[in-house]
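Asks: the following block contains a protein sequence and its predicted model.
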Amino acid sequence: MQGEWDRQRELLDVESVAGHLLEPGSVFALLAEYRDRLFPAELFADLFPTGRGRPSIPGEVIASVIVLQALFGHSDREAVDALTFDLRWKAACGYAVDAKGFDSSTLTYWRRRLAASENPQRIFEVVRQVIAETGAVKTKTRRALDSTVLDDAVARQDTITQLIAQIRRVGREVPGAKELIASECTRLAAVCGHDYSEAGKPRIAWDDQAARDELVSALVAD
């Protein structure tokens, strides 16, 4: 499987063809240049100690997608779509230009493995370390990656998604609750256009503290 993956990368690797077009100092350029150093296979060895259950997608690809997903506030499906159609994502993740994105549930699977491990924040820790050593990422994006902002954005996304899911569950299982939620719990939709008929994560700027606070306040009020 790994050999086939390497052969496909050699054929139509966006990074080798158009990597020079990536904006210097961007997170895309950082991942394209340092991805192998950031996310070697041994970084994730403890997640799959027996080798069983390990997805066929290399860890460096999954980790790169998770970093971009957290920074840009994408849902799992949106992140996979970006990997499929955005050449910057393909270059950053070492993905072949004609390769389709993997199943979005793979991201959930990896996050669960990471969360249950002794070092669940390892992906972001190594990114910040390389930024500190190389100065590879500049300006606002560096501040987002080189602080607790990114970690906080990820935590908030997970918490908010779970809370919305529980409200949706109440609407399904408690008699009369669905109608009550639709008529009374309207603050979330007013803030971001996402109501409780929709699953998943609202679309906001997850690296913006004010936007996250406003969303949490609306959700708590509902």
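Replies: Arrived safely, thanks for sending.
Asks: report the residue ranges of every domain in this structure.
Replies: As assigned by automatic domain parsing, the chain contains the domains 2-141, 150-221.
Asks: need the ones you listed in TSV (columns: mean neighbour count and mean pLDDT).
Replies: In this view, the C-beta of every residue, glycine as well, is placed from N, C-alpha and C. As requested, the domains of the chain are exported to TSV (neighbours: other Cβ atoms under 10 Å; pLDDT from 0 to 100):
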stretch	mean neighbour count	mean pLDDT
domain 2-141	17	79
domain 150-221	15	77
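Asks: how long is stretch 39-52 end to end?
Replies: End-to-end span of stretch 39-52 (Cα to Cα, to the nearest Å): 20 Å.
Asks: show residues contacting that stretch.
Replies: Applying Cβ atoms under 8 Å, 6 or more residues apart in numbering, the contact partners of stretch 39-52 are 54, 58-60, 63-64, 110, 113-114, 117-118, 122-123, 126.
Asks: identify the residues contacting the residue positioned nearest the centre of the chain.
Replies: In the chain, the residue lying closest to the centroid (Cα atoms, centre = their mean) is residue 69, at 2.7 Å. Counting by Cβ under 8 Å, 6+ apart, residue 69 touches 76, 78-79, 107.
Asks: give me the subset of those lying in helices.
Replies: In helices, judged by DSSP state H, the following of these are found: 76, 78-79, 107.
Asks: and those residues, which two are furthest apart?
Replies: 78 and 107 (10.7 Å; Cβ to Cβ).
Asks: before we move on, back to that, wait, which of the ones in helices among the contacts of residue 69 is closest to residue 193?
Replies: Ranked by distance to residue 193 (Cβ to Cβ), those are led by residue 78 at 15.0 Å.
Asks: contacts for the helix or strand that contains residue 91, please.
Replies: Assigned by DSSP states H and E, residue 91 falls within helix 87-93. The contact list for helix 87-93 (Cβ under 8 Å, 6+ apart) reads 14-15, 18-19, 22, 27-32, 35, 60-61, 64-65, 68, 82-83, 95-97, 99.
Asks: so where do the helices sit in the protein?
Replies: Going by DSSP H, the chain shows helices at 2-12, 14-18, 27-38, 59-72, 76-85, 87-93, 105-115, 122-134, 139-145, 149-173, 177-184, 187-192, 209-221.
Asks: okay if I get the ones you listed as JSON lines plus distance to residue 46?
Replies: Listed next are the helices of the chain as JSON lines, based on distance: least, Cβ to Cβ, whole Å:
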{"stretch": "helix 2-12", "distance to residue 46": "19"}
{"stretch": "helix 14-18", "distance to residue 46": "28"}
{"stretch": "helix 27-38", "distance to residue 46": "17"}
{"stretch": "helix 59-72", "distance to residue 46": "11"}
{"stretch": "helix 76-85", "distance to residue 46": "23"}
{"stretch": "helix 87-93", "distance to residue 46": "22"}
{"stretch": "helix 105-115", "distance to residue 46": "9"}
{"stretch": "helix 122-134", "distance to residue 46": "10"}
{"stretch": "helix 139-145", "distance to residue 46": "24"}
{"stretch": "helix 149-173", "distance to residue 46": "20"}
{"stretch": "helix 177-184", "distance to residue 46": "41"}
{"stretch": "helix 187-192", "distance to residue 46": "37"}
{"stretch": "helix 209-221", "distance to residue 46": "31"}
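Asks: closest to residue 198 out of those helices?
Replies: The nearest among these, by Cβ to Cβ, is helix 149-173 at 8.2 Å.
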